[in-house]
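>>> Sequence plus the predicted model coming up.
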Amino acid sequence: MPEGSIRATASPLLEGARKGRGATRNPAVRFERLATEAFDDGWQTLEESFADLPPLATTLTRDAARSAIAWNNSPDIGFDRAVNPYRGCEHGCIYCYARPSHAYLGLSPGLDFETRLLFKPEVAALLEKELRRPGYVPRPLALGSNTDPYQLVERQLKLTRGVLEVLERFGHPVTIVTKSAGVLRDLDILERLAARNLVRVCLSVTTLDPALARILEPRAAAPGRRLEAIRQLTAAGVPTAVLAAPMIPAVNDMELERILERSAASGATRAAYTLLRLPLEIAGLFEDWLREHMPDRAERVLALVRQTRGGRVYDSDFAQRMSGSGPYAEMLANRFRVAARRLGLTARGEARGALDCGQFSPPPGPGGTPAEARQLALF
């Protein structure tokens, strides 16, 4: 994968469904003053030019980040710190709530988000430096809260593995959310962390239908592989949960109970779900995707989405953005509670075995001894 430049502008003219990609277009960056739109000059050449679009290659750009930990104080998120080795995600999930963040880089939340990725080569070293700061108080750190830490490029770069190696040496607790079976490549580290009550892994399972998965999240692991990952993690003693997310009205919501059942049978002990969120550019991208792949039900899906968001396509209120409101949202919440209780799955918010923060201890630096590390900590 060649290295690109983040200063290059987005390409709004790229239109149409492409094999292996989720978005059907590249909307303009919302912070830019100028926008470009495709326009037919009257010679009917526009449709022809988009009829047979070539594959879009993935490009990588080094991210010269100065810190590894991102902090948040959102009341509806169960962690206050996270590490994201990558920006953008090649999985191409059309519903991904992280898409709008690409606009801060001058790139489009559409096809750019899934083809123009940034990676942080120094993420492990930066994390170690931050964990050594005087006064640092450990709490569970979320790995991959914005984009998937086990997306395809992790096979070559192994940045996520580097982060886990640091956390293991420091005795720092970590939670992982992924929709990739690639998490099994780090099973050796995860098994050791689990033995010390320092890790919890959550597999996101959106659908059990491979055909739907191919268009909804085109480069993520197939549903069966995710269930197998749950099985292998559980067999290795790694506490594993399932995230049935997002639930999309009239698209995959009918699968909620089956997803929980199959995941519980594979060994998951915890479960959570979220309702589809469509902030900023995602609303338009999702509607385009619907009309491209499910034109017969597009209006029905959008009407149900608005029903759960007070008549709008999205409500950012912290109390409702994950679960929505209204009759449909209440029914979905009740279905989840009943199924989770029946299957013995611990739901979000229920107390069950917190990770251990008491083992945190910065190891000696290069060439240092434990005694020297304790002395340096006094300063």
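Looks like it arrived, so ask away.
>>> And the helices in the stretch 101-250 of the chain?
Ranges of helices within the stretch 101-250 of the chain are 111-115, 123-131, 154-157, 159-170, 187-195, 210-216, 223-235, based on DSSP state H, counting those that start in this stretch.
>>> Of those helices, give the one that comes closest to residue 146.
helix 111-115 (11.2 Å; C-beta to C-beta). For the C-beta atoms, the positions are set from N, CA and C on the backbone; glycine is no exception.
>>> and the closest one, what other elements does it pack with?
When contacts are defined as 3 or more C-beta pairs under 8 Å, 6 or more residues apart in numbering; DSSP states H and E, helix 111-115 packs onto no helix or strand at all.
>>> about what we covered before: could you redo the helices of the stretch 101-250 of the chain as JSON lines and give each row distance to residue 355 and mean neighbour count?
Converted to JSON lines, those look like this (distance: least, C-beta to C-beta, whole Å; neighbours: other C-beta atoms under 10 Å):
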{"stretch": "helix 111-115", "distance to residue 355": "31", "mean neighbour count": "28"}
{"stretch": "helix 123-131", "distance to residue 355": "16", "mean neighbour count": "19"}
{"stretch": "helix 154-157", "distance to residue 355": "23", "mean neighbour count": "15"}
{"stretch": "helix 159-170", "distance to residue 355": "11", "mean neighbour count": "20"}
{"stretch": "helix 187-195", "distance to residue 355": "9", "mean neighbour count": "17"}
{"stretch": "helix 210-216", "distance to residue 355": "30", "mean neighbour count": "16"}
{"stretch": "helix 223-235", "distance to residue 355": "15", "mean neighbour count": "19"}
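>>> and residue 23, what pLDDT?
Here the pLDDT value assigned to residue 23 is 88.
>>> so it touches residue 286, yeah?
No: the criterion here is C-beta atoms under 8 Å, and residue 23 misses it with residue 286 at 9.4 Å.
>>> The longest helix that the chain contains packs against which elements?
Taking DSSP state H as the criterion, the chain has its longest helix at helix 327-343. Applying 3+ C-beta pairs under 8 Å, 6+ apart, we find helix 327-343 packed against helix 256-266, strand 270-275, helix 298-307, strand 346-347.
>>> returning to that earlier point: need the residues touching each of residue 23 and residue 286.
Taking C-beta atoms under 8 Å, 6 or more residues apart in numbering as the contact rule, residue 23 and residue 286 both touch residue 94.
>>> Looking at the two, which has the bigger crowd around it?
More crowded of residue 23 and residue 286, by other C-beta atoms under 10 Å: residue 23, with 29 against 25.
>>> List the contacts of that one.
92, 94, 110, 111, 113, 114, 285, 288, 289.
>>> what do you get if the cut-off is 7 Å, keeping everything else the same?
94, 110, 111, 114, 285 (C-beta atoms under 7 Å, 6 or more residues apart in numbering).
>>> Can you classify it as helix, strand or coil?
coil (DSSP: H, G, I helix; E, B strand; the rest coil).
>>> for residue 87, phi and psi?
Backbone torsions of residue 87, given as degrees, to the nearest 10, read phi -120, psi 140.
>>> Read off the pLDDT value for it.
96.
>>> so the closest residue to it other than its chain neighbours bridges to which residues?
By the measure of C-beta to C-beta, 6 or more residues apart in numbering, the closest residue to residue 87 outside its immediate chain neighbours is residue 118, 4.1 Å from it. Taking DSSP bridges as the rule, residue 118 bridges to residue 61, residue 87.
>>> give me the number of residues near residue 118?
Residue 118 has 22 nearby residues by other C-beta under 10 Å.
>>> same question, residue 204
Neighbourhood size, residue 204 [other C-beta under 10 Å]: 23.
>>> residues contacting it?
Contact partners of residue 204, counting by C-beta under 7 Å, 6+ apart, are 177, 178, 179, 243, 245.
>>> Then residue 287?
residue 302.
>>> hang on, it in a helix?
Yes: the assignment for residue 287 (three-state DSSP) places it in a helix.
>>> ok, it to residue 278 distance?
Going from residue 287 to residue 278 by C-beta to C-beta, to the nearest Å gives 9 Å.
>>> Hmm, the residue nearest to residue 87 is touching residue 63, no?
Yes: the pair residue 118 and residue 63 qualifies as a contact (C-beta atoms under 7 Å) at a distance of 4.1 Å.
>>> can you list contacts of the longest helix of the chain?
With C-beta under 7 Å, 6+ apart as the criterion, helix 327-343 contacts 247, 249, 253, 256-257, 260-261, 264, 271, 273, 275, 304, 307-308, 323, 347.
>>> The closest residue to residue 140 other than its chain neighbours - how many residues pack around it?
Nearest residue to residue 140, sequence neighbours excluded (C-beta to C-beta, 6+ apart): residue 173, at 4.5 Å. Neighbour count for residue 173, taken as other C-beta under 10 Å: 23.
>>> before we move on, what about the one 10 residues further on?
Other residues within reach of residue 183 by the criterion other C-beta under 10 Å amount to 29.
>>> Contacts only, for it.
150, 176, 201, 229.
>>> so can I have CSV of those showing pLDDT and distance to residue 219?
Shown next, in CSV, are those (pLDDT from 0 to 100; distance: C-beta to C-beta, whole Å):
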residue, pLDDT, distance to residue 219
150, 98, 12
176, 98, 19
201, 98, 20
229, 98, 16
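>>> Which one of the residues you listed is nearest to residue 218?
residue 150 (15.9 Å).
>>> for the closest one, what are its contacts?
160, 178, 180, 182, 183.
>>> Could you do residue 215 as well?
residue 293.
>>> returning to that earlier point: and for residue 118 and residue 63, which residues touch both?
With C-beta under 7 Å, 6+ apart, residue 118 and residue 63 have common neighbours residue 87.
>>> quick one on the thing from earlier: what's the closest of the contacts of residue 23 to residue 68?
Distances from residue 68 to those, taken by C-beta to C-beta, are shortest for residue 114, at 23.3 Å.
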